[in-house]
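K.L.:
Please work out how this folds:
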Amino acid sequence: MRCSVFHVRRHSIRICKQLCCCHRFLRFSHRCSTVEALDFPEEISNSEFCDRKPDQNPIFCSPSPNGKPRLSFHDQSFEESCTSRRGELWESARMCLRRKMQECAREGYLVEALDALRLMEPSVLDCNALLHCYLKSGRVCVDELRKVFEGMKRIGPYPNVWTFNTLFNGMCTLGRLKDARFIVEEMCSYGFVPSFASLKRLIRKSLSSGTLELSLDILELMLKFDYLPTLPILNSLISRLIRACRIREAYNILSQCLEKGLVPNVCTYNPVLFGLCKSGQSYTALSFFYGLRKKGFCCNLYSFTALVLGFSMEGLWKEAYRVLEHMRDDGYMPTVVVYTILIKFLCKDRKIKDAISIFETMEKEGCHPDLVTCNILLHALCCHNKFQEAHELVQFMEQKGYLPDQFTHCALASGLLKSGYVRNSQDYLLNILYRRNDVDTVTWNIYIHSLCCDSRAQEALNLVSSMLDKGFVPTTVTYNTILKGLCREENIDEALEVLDHFDWSGNGPDLISFNTILSAAGKQGNSSMIRRILYRMDVEGIKLNVVSMTCLMHYFCKVRRFVECFKLFEHMICDGHRPTATTLNVLLDSLCKKGLLADAYRIFSEFKNIGTFPDTASYNILIHASIRKADYVSVKCLLTDMYSRGLVPDAITYGSLSYGLCKEGNVNVALHLEDWMIESGVSPSISYYNTLMDAAFRMGRLWDVFLILIKMQLEGIEPDAISFKILSRAMAKGGTKQFPKAMKFLEFLMNRGEKPLDLEVG
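P.N.:
As a prediction, this is how the structure comes out:
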């Protein structure tokens, strides 16, 4: 028996010295049939234990009935002592294993930490400690961590709320926001509710990282638990949605938060107001504006500015002026920004007189226009041939001490160019380009564009080549402008060759470059060039867009392959492309030229209200075709519909109407159309005057021809090739013999040079 006991004692001492084998010791002690637990102090040596007499160890002995000592394993105190000692040993071993597990986890050794964890009977707290230490190590493998988490869910110990919080915080610290969102989902599936602080932390990090979809997902979860986001978080989210052009989502989120009791500030709802107004939803913005006021939220000057901007952009001038009055009633005086918005969009809407009136109102109210306001108005005046007013504005700028900047020069030059004063624009720009050394690329691009408009694309190309040595860096716009000039001169082969030799600097050629040549080839009916361009686009990996397909449709109409044109149109629709107004206008024009006016009206009705269709050009096509067929009832209906959509006739519309009137012999009525044009802010074009001259010549009304030429001189409109053709035809038909002096005088008037312009900006 002693041998057996001694053997057990020696084995237990060795295990105590080697704590990593304690688990086997415990299993051994359970298997022992005669001993439940033995506890020997480590100080006692083996020899002392062998020499000790039985009565010297009463813990393990009790007297027998015959007086002989024997071992007793049923003494209550002995059992309690053994159990207590065994528990102490086990706790000591677990503490050592726990320390080892945590040390391995802190070092990033997950496998070793898990080995240590398996030797103990781990609780969920031990697992949480392992996760916490490992996440702090800086050497985290998320995939391995996921396996540990899945093992806890599958085998145990099952995760508790601290498990989820530990993993969530770790994922947030590591920047693994999607994994953190996954932990939140798992947390909810176990019946735990994530705290407001946790979700707030996650949404802040997602906003900082730019993951907008994740931010929206988290906000939805917050609202599900009736957590309202803080104003900085909500403002940041709304701002990002507005920048991403997701206006409706921003509006819906703010409305939902308001219903739940959120108290916003102006930084919260002003961006939504601006977003709605800029996206053409001004009436929605107005309703939202009054809803805020009813709830007691104060709107400021920027709130009113947003509404003025929206209604001005949509051309709803009654509403815009009403908001302006409301602004004044609330004690807010319109600022320079508000007036500049009105002037800009009035000019864009061809309401030049109203824009000038607003400009004068600014001065009366003591709100002095700045250089930006002056530049906008100056550009509009030049575009609409109002050079006297432009000259007065330049003098006003000089009186105010406004030094013209690059925008001033560009506004004036581009305005002259748009009005057809190409040479004047060139002279003005040359004066600026050679006087100043700080001219930017935009100014040079306008000058290059003016050369191309003057059929001097080759000169523009040589200019760019010579400027490269002087440090000029051409942009994609520069090259595309030259390509367009070459195509306008019908030098398509040269344009394609130049496209290959341009130094695009990695920014081109782009889709606009190819579409420019494709459009010119389509107008010429050049099928071989179209095939070359399509092949080049395929090599460059550039896909056709709506503009490209519109160019191809124009080609099919040019070569009278209308079936292919309609097939391409159907393919465009089926492929998910949204046809533009230009696309549909090409279709209308081809149908009208083919004499299929009824089909054109059917297309017009079917695709109404798609995008910006129909526009003024759409009505012009149908009006001209209807006049040629003497269908004046349809012309009247088209004009009525045109005005009802907020569109106004342009010079082409009036030209078609004058053609119809002259065709019917109503030259006097056609002459009076000019007064209506001027009242509408439309400048008569050379085609309009040519139509009147032709009709007057045919009817022998030379005095009317004389008056028309005088008006053209006053308006600064030069006779073109068609004008001289009309005169030559009239002279060939006997006009010189019947009215020799009058015809010579008319010829003299037509041969006069263009009217000089006196516009100087310092």
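
K.L.:
Can you name the secondary structure element that comes next after whichever strand or helix holds Gln399?
P.N.:
Taking DSSP states H and E as the criterion, Gln399 maps to helix 387-400. Taking DSSP H and E as the definition, the helix or strand that follows helix 387-400 towards the C-terminus is helix 406-418.

K.L.:
Which positions within that next one qualify as buried?
P.N.:
Within helix 406-418, the residues that qualify as buried are Phe407, Thr408, His409, Cys410, Ala411, Leu412, Ala413, Ser414, Gly415, Leu416, Leu417, Lys418, counting by 16 or more other CB atoms under 10 Å. Backbone N, C-alpha and C define where each C-beta goes, glycine included.

K.L.:
List the buried residues in whatever helix or strand Ser92 lives in.
P.N.:
In this structure, Ser92 is located in helix 76-106 according to DSSP H and E. Taking 16+ other CB under 10 Å as the neighbour-count basis, helix 76-106 is seen to contain the buried residues 78, 82, 86, 89-90, 93-94, 96-98, 100-102, 104-106.

K.L.:
Can you name every helix or strand that the helix holding Gln399 contacts?
P.N.:
helix 371-383, helix 406-418 (3 or more CB pairs under 8 Å, 6 or more residues apart in numbering; DSSP states H and E).

K.L.:
Cys127 is in contact with Pro157, correct?
P.N.:
Yes - look at Pro157 against Cys127 with CB atoms under 8 Å: they come within range, at 6.0 Å.

K.L.:
Give me the pLDDT for the spatially most central residue of the chain.
P.N.:
For the chain, Ala244 is the residue whose C-alpha lies nearest the centre (CA atoms, centre = their mean; 4.8 Å). As predicted, Ala244 sits at a pLDDT of 91.

K.L.:
the more surrounded of Pro157 and Cys127?
P.N.:
Neighbours were counted for Pro157 and for Cys127 using other CB atoms under 10 Å; Cys127 has more, 25 against 15.

K.L.:
Go through the helix or strand in which Asp500 is found and flag the buried ones.
P.N.:
Mapping Asp500 onto the secondary structure by DSSP H and E places it in helix 492-501. Judged by neighbour count using 16+ other CB under 10 Å, the buried positions of helix 492-501 are Ile492, Glu494, Ala495, Leu496, Val498, Leu499.

K.L.:
Need those in CSV (columns: distance to Asp641).
P.N.:
CSV is the format used below for those (distance: CB to CB, whole Å):
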residue, distance to Asp641
Ile492, 39
Glu494, 45
Ala495, 40
Leu496, 43
Val498, 45
Leu499, 43
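
K.L.:
Now do the strands in this structure.
P.N.:
In the chain, the strands defined using DSSP state E lie at 61-63, 69-71.

K.L.:
weakest of these in terms of mean pLDDT?
P.N.:
strand 61-63 (a mean of 36).

K.L.:
what's in contact with the helix holding Asp500?
P.N.:
461, 479, 482-483, 486-487, 509, 513, 516-517, 520-521, 524, 526, 529, 532-533, 536 (CB atoms under 8 Å, 6 or more residues apart in numbering).

K.L.:
what's the spacing between the residue nearest to the centre of the chain and Leu212?
P.N.:
Applying CB to CB, to the nearest Å, the value for Ala244 to Leu212 is 6 Å.

K.L.:
Check Met333 too.
P.N.:
38 Å.

K.L.:
Give me the more crowded residue out of those two.
P.N.:
Neighbour count, other CB under 10 Å: between Met333 and Leu212, Leu212 has more, with 17 against 11.

K.L.:
Which residues are in contact with that one?
P.N.:
Neighbours of Leu212 in contact, by CB under 8 Å, 6+ apart: Arg240, Leu241, Ala244.

K.L.:
Go again with 6 Å.
P.N.:
With contacts taken as CB atoms under 6 Å, 6 or more residues apart in numbering, Leu212 has the following neighbours: Arg240.

K.L.:
Now Cys298. Nearest residue, chain neighbours left out?
P.N.:
Excluding its sequence neighbours, the residue lying closest to Cys298 (CB to CB, 6 or more residues apart in numbering) is Val266, at 7.4 Å.

K.L.:
Identify, from the buried residues of helix 76-106, the entry nearest to Tyr601.
P.N.:
Ala105 (78.2 Å; CB to CB).

K.L.:
Can you tell me, leaving aside adjacent residues, what's nearest to the closest one?
P.N.:
The spatially closest residue to Ala105, leaving aside those adjacent along the chain, is Cys133, at 3.6 Å (CB to CB, 6+ apart).

K.L.:
you'd agree that neighbour is up against Met101?
P.N.:
No - in this structure, Cys133 is not within contact of Met101 by CB atoms under 6 Å, at 8.0 Å.

K.L.:
number of nearby residues for the closest residue in space to Asn300 that isn't next to it in sequence?
P.N.:
The shortest distance from Asn300 to any residue other than its chain neighbours is 5.3 Å, reached at Val266 (CB to CB, 6+ apart). Counted with other CB under 10 Å, the burial measure for Val266 works out to 16 neighbours.

K.L.:
for the one 4 residues further on, same thing?
P.N.:
Residues near Asn270, counting by other CB under 10 Å, number 20.

K.L.:
For burial, what's the neighbour tally of the residue lying closest to it once chain neighbours are set aside?
P.N.:
Of all residues not flanking Asn270 in the chain, Tyr302 sits nearest, at 5.1 Å (CB to CB, 6+ apart). Tyr302 has 17 neighbours, counted by other CB under 10 Å.

K.L.:
likewise Glu392?
P.N.:
Neighbour count for Glu392, taken as other CB under 10 Å: 13.

K.L.:
how far does stretch 557-569 sit from the chain's center?
P.N.:
The chain centre lies 34 Å from the centre of stretch 557-569; the measure is CA atoms, centre = their mean, to the nearest Å.

K.L.:
Likewise for stretch 637-650?
P.N.:
Its chain's C-alpha centre lies 32 Å from the corresponding centre of stretch 637-650 when counted by CA atoms, centre = their mean.

K.L.:
so what's Lys260 up against?
P.N.:
Lys260 is in contact with Leu228, counting by CB under 6 Å, 6+ apart.

K.L.:
Pretty sure Cys453 sits against Val422.
P.N.:
Yes - Cys453 lies in contact with Val422 (CB under 6 Å); the separation is 5.1 Å.

K.L.:
what's in contact with stretch 638-646?
P.N.:
Under the contact criterion CB under 6 Å, 6+ apart, stretch 638-646 has outside partners Gly315, Tyr619, Leu622, Ile623.

K.L.:
Scan these and report the most crowded one.
P.N.:
When neighbours are counted by other CB under 10 Å, Leu622 leads the contacts of stretch 638-646 with 26 neighbours.

K.L.:
nearest spatial neighbour of it, skipping sequence neighbours?
P.N.:
In space, and not counting its chain neighbours, Leu622 is closest to Leu638: 5.7 Å by CB to CB, 6+ apart.

K.L.:
tell me the domain boundaries of the protein?
P.N.:
In the domain annotation for the chain, the residue ranges read 2-74, 502-701 (automatic domain parsing).

K.L.:
Low-confidence bits of the chain, can you list those?
P.N.:
Flagging of the chain using pLDDT under 70 yields the residue ranges 1-82, 87, 90, 506, 609, 611-612, 681, 730-762.

K.L.:
how deep is Arg201 tucked in, by neighbour count?
P.N.:
As a measure of burial, Arg201 has 17 neighbours, counting by other CB under 10 Å.

K.L.:
For it, which non-adjacent residue is spatially closest?
P.N.:
Taking CB to CB, 6+ apart as the measure, Arg201 lies nearest to Cys172, with 6.0 Å between them; neighbours along the chain are not counted.

K.L.:
neighbours of the one you found, just the number please.
P.N.:
By other CB under 10 Å, the burial measure for Cys172, its neighbour count, is 19.

K.L.:
same question, Pro232
P.N.:
Taking other CB under 10 Å as the criterion, the count of residues near Pro232 is 12.

K.L.:
before we move on, what about Lys400?
P.N.:
12.

K.L.:
what separates it from Gly366, distance-wise?
P.N.:
The separation that Lys400 has from Gly366, given CB to CB, amounts to 14 Å.

K.L.:
Could you do Arg139 as well?
P.N.:
With distances taken as CB to CB, Arg139 is found 68 Å from Gly366.
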